[in-house]
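Chemist: A structural model of the following input is requested.
(one chain, ligands or ions: 1)
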Amino acid sequence: LPADAFFRANLPVGLTFDDVSLATLYSEILPKDAETSTALSDALRLQIPIISSDMDTVTESRMAIAMALNGGLGLIHYNMPPKEQIKEVARVKRHIHGLIQDPITVTPDQLIGDVLAMIESKRFAFSTFPVLDAEGHLVGLLSGNVVKERYKAKPVTDVMTPRAQLITENEAAVAKDPIKAADSFFSTHVGVNKMLVVDGADRLRGLVTISDVEKITSETKSRRKPARDASFRLVVGAALSPVRKSDGSLDREKILNHVGHLVDEHVDAIAVSTAHGHTAGVGDVVKLVHGAFPQVTLIAGNVTSGNGVTYLAECGAHAIKIGQGPGSICTTRMVAGVGIPQLTALYVASLAAKTAGVKLIADGGIVKSGDIVKALTLADAVICGGLLAGCREAPGEIMEISGKVYKQYRGMGSLSAMKAGSAARYGHDRNDNTRKVAAEGIEALKEVSGSVDDVLGNLIGGVQSGMGYLGAKNLPALRANARYVRVTSAGRKEAEPHDVIEVSTRKN
Ligand code: XMP
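Modeler: Numbering: from 1, shown residues only. Reported below is the predicted structural model:
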């Protein structure tokens, strides 16, 4: 059945991803030709409809850079001092593909012995370092061929290649297409294998190595197109906490000041992230930010009703996050007894979104690519937490337990995350010791899952496969073509490998 007939017939039963399947249709679309781009507003377009969650074990600048390079979007979490969050956004906006922006540097007075000790202790696989003075100006390059035991008592300044002999590039000249710029730099300057990038005041802004450029050039053909803004910078979003004063009123000045700094760094989206978005508190923040910065894409949530979507849309949000309790680390439904299974929530939200002219983002509960296909029949994009938390680009240390490697993944409503700052998201005050705060999330581990490139490659491959089965050349066609059937528990069992002993690992 098409969405209207199917979901209406099934209301008020709450259905989620595994409760339904999509019917195949006549198709002339090959999966590889299915086009996955989407928009979160008139100003913000993504090449793939996947967003990394604003959680402190999922998205900081490293994850956001990887997401944008793959065509998606990362939302930097807010469990950090505001200044730090602004820096994290700046790191993404200033990232130039292939350019190492914070290269490891040495100072002229350091001894070669100290440099050797640093290489040993940090296990660096390289031994060439730019040499900077105290103000960050480039004064030389320390080549690997002089970083030797025999010179250990000499200061760097005695053995480095001095600034006058170095060939550098200006930041402005490489910003537009750094790989092309580096490619031609290395072809012109035969024998040079590091391109040092400086600003107008000769401060080091980055470094490109010839081996990275060669790797990237060979990968370019298969790589998905990055998501960039009009000035060729990677896109990024930042989560915003509804900061309150001690009397409980919204701290408008603090909020506007913080968003102002994020906007100065060219942030593309602000996400007002709370567990209950259909509230006056969230609406006030959305109105405040939209009023002051109408050019910034505003994401708000979370809600699971049509009225919630309409309310946030009227307050000024461009994209609404749908999901209360579907997440892999969420306990909201168990703790508070509320929440609507995700696909039904998406359906009711989609009716209101159509009328209000806003975009929908399905947030939480996605564990395989098929879930994304189903979510995209009703929403414009999905947010993933758990699926990305095991990637090496997610924050946190890798830990080994009984020979297997894991990373920490915790709900923003878990006690430890709320202590670190996210209590406001769940309507609590982290300084409130007078009553027991009810956690709505757990702390968990995710098995390490490789790089974001690999994980997204598998997920997008699955999405394109689904689009091929539904004869959908793009996401609007996927929404229009979707026909649903309900799946019984026997049908669910049939959908998984069965009656065999599995010998290979499924990736999505
Ligand atoms: P997945 O399933 O991708 O879900 O791991 C990530 C989403 O879950 C939400 N989230 C929470 N929900 N308690 C909740 O009820 C929590 O502690 C919590 N932390 C995150 C959030 O929407 C995220 O994107």
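
Chemist: got the residues of this protein near the ligand?
Modeler: 53, 55, 302, 323, 325, 327-330, 332, 363-366, 383-387, 411-414, 440-441 (C-beta under 6 Å from any ligand atom). Every residue, glycine included, has its C-beta placed from N, CA and C.

Chemist: let's see which of these end up in strands.
Modeler: Counting by DSSP state E, the residues of the chain next to the ligand place 302, 363, 383-384 in strands.

Chemist: neighbour-wise, give me the winner out of these.
Modeler: For these, counting by other C-beta atoms under 10 Å, the largest number of neighbours falls to residue 383: 33 neighbours.

Chemist: which residues touch that one?
Modeler: 51-53, 75, 321, 323, 361-364, 366 (C-beta atoms under 8 Å, 6 or more residues apart in numbering).

Chemist: okay if I get those as a markdown table plus pLDDT?
Modeler: Listed next are those as a markdown table, based on pLDDT from 0 to 100:
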| residue | pLDDT |
| --- | --- |
| 51 | 98 |
| 52 | 98 |
| 53 | 98 |
| 75 | 98 |
| 321 | 98 |
| 323 | 98 |
| 361 | 98 |
| 362 | 98 |
| 363 | 98 |
| 364 | 97 |
| 366 | 98 |
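
Chemist: ok, of these, which come out buried?
Modeler: Among the contacts of residue 383, the ones that count as buried by 16 or more other C-beta atoms under 10 Å are 51-53, 75, 321, 323, 361-364, 366.

Chemist: just the residues you listed now: which is nearest residue 98?
Modeler: residue 52 (21.3 Å; C-beta to C-beta).

Chemist: distance of the closest one relative to residue 13?
Modeler: 31 Å (C-beta to C-beta, to the nearest Å).

Chemist: skipping its backbone neighbours, what lies nearest whatever residue of the stretch 51-200 of the chain ends up closest to the ligand in space?
Modeler: Closest to the ligand within the stretch 51-200 of the chain is residue 53: 3.4 Å, counting by C-beta to the nearest ligand atom. Of all residues not flanking residue 53 in the chain, residue 385 sits nearest, at 3.8 Å (C-beta to C-beta, 6 or more residues apart in numbering).

Chemist: about what we covered before: who touches the residue of the stretch 51-200 of the chain closest to the ligand in this structure?
Modeler: So residue 53 contacts 59, 75, 363, 383-385, 388 (C-beta under 8 Å, 6+ apart).

Chemist: any chance of those in a markdown table, plus distance to residue 466?
Modeler: Below are the contacts of residue 53 laid out as a markdown table (distance: C-beta to C-beta, whole Å):
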| residue | distance to residue 466 |
| --- | --- |
| 59 | 25 |
| 75 | 25 |
| 363 | 20 |
| 383 | 18 |
| 384 | 16 |
| 385 | 21 |
| 388 | 20 |
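
Chemist: from those, which single one is nearest the ligand?
Modeler: Using C-beta to the nearest ligand atom, residue 385 is the member of the contacts of residue 53 that lies nearest the ligand, at 2.9 Å.

Chemist: need the pLDDT of that closest one.
Modeler: Note on residue 385: pLDDT of 97.

Chemist: and for the one 3 residues further on?
Modeler: Among the per-residue scores, residue 388 shows a pLDDT of 97.

Chemist: tell me, how many residues neighbour the residue in the stretch 351-500 of the chain that the ligand sits nearest to?
Modeler: Residue nearest to the ligand within the stretch 351-500 of the chain: residue 441 (1.8 Å; C-beta to the nearest ligand atom). Residue 441: 27 surrounding residues under other C-beta under 10 Å.

Chemist: ok, and the closest non-adjacent residue to it?
Modeler: residue 411 (1.8 Å).

Chemist: pretty sure the one you found is touching residue 443, no?
Modeler: Yes - between residue 411 and residue 443 there is a contact at 7.4 Å, judged by C-beta atoms under 8 Å.

Chemist: tell me, what's touching those two both at once?
Modeler: By C-beta under 8 Å, 6+ apart, the residues touching both residue 411 and residue 443 are 329, 417.

Chemist: the more surrounded of the two?
Modeler: Between residue 411 and residue 443, counting by other C-beta under 10 Å, residue 411 is the more crowded of the two (26 against 15).

Chemist: for that one, list the residues it contacts.
Modeler: 55, 327, 329-331, 417, 439-443.

Chemist: ok, residue 160 next?
Modeler: Counting by C-beta under 8 Å, 6+ apart, residue 160 touches 108, 131, 139-143, 146.

Chemist: roughly how far does it sit from residue 213?
Modeler: On the measure of C-beta to C-beta, residue 160 and residue 213 end up 24 Å apart.

Chemist: before we move on, what about residue 371?
Modeler: 37 Å.

Chemist: neighbour count winner among these two?
Modeler: Neighbour totals were compared for residue 371 and residue 213, and residue 371 leads with 24 against 21 (other C-beta under 10 Å).

Chemist: isn't that one up against residue 17?
Modeler: Yes - counting by C-beta under 8 Å, residue 371 does reach residue 17; the two are 4.3 Å apart.

Chemist: okay, and the common contacts of the two?
Modeler: residue 365.

Chemist: mind saving the C-alpha coords of stretch 407-427 as CSV?
Modeler: The C-alpha coordinates for stretch 407-427 follow below in CSV (Å, rounded to 0.1, in the frame of the first residue of the first chain):
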residue,chain,number,x,y,z
LYS,A,407,35.1,2.3,21.6
GLN,A,408,32.9,4.0,24.2
TYR,A,409,29.4,5.0,23.1
ARG,A,410,27.0,6.7,25.5
GLY,A,411,23.6,8.3,25.4
MET,A,412,23.6,12.0,26.0
GLY,A,413,21.0,11.3,28.6
SER,A,414,23.2,8.9,30.4
LEU,A,415,24.3,10.0,33.9
SER,A,416,28.0,10.5,32.9
ALA,A,417,27.1,12.5,29.8
MET,A,418,24.6,14.7,31.7
LYS,A,419,27.3,15.3,34.3
ALA,A,420,29.6,16.4,31.4
GLY,A,421,27.0,19.0,30.4
SER,A,422,24.1,17.6,28.5
ALA,A,423,21.6,17.6,31.3
ALA,A,424,19.7,20.5,29.8
ARG,A,425,18.9,18.4,26.8
TYR,A,426,16.8,16.2,29.1
GLY,A,427,15.2,19.0,31.0
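
Chemist: off-centre distance for it?
Modeler: How far stretch 407-427 lies from its chain's middle: 18 Å, per C-alpha atoms, centre = their mean, to the nearest Å.

Chemist: please identify the buried residues of it?
Modeler: Buried-residue list, stretch 407-427, by 16+ other C-beta under 10 Å: 407-415, 417-418, 420-427.

Chemist: kindly report the same for stretch 309-329.
Modeler: 309-313, 315-329.

Chemist: from the residues you listed, which land in helices?
Modeler: Using DSSP state H, the members of these that fall in helices are 309-313, 315.

Chemist: contact partners for residue 489?
Modeler: Residue 489 touches nothing, counting by C-beta under 8 Å, 6+ apart.

Chemist: centroid-nearest residue for this structure?
Modeler: residue 74 (2.2 Å; C-alpha atoms, centre = their mean).

Chemist: look at that residue and report its pLDDT.
Modeler: 98.

Chemist: wait, a strand at it?
Modeler: Yes - applying DSSP: H, G, I helix; E, B strand; the rest coil, one finds residue 74 inside a strand.

Chemist: how about low-confidence regions in this structure?
Modeler: 97, 215-223, 424-425, 428-436, 504-508 (pLDDT under 70).
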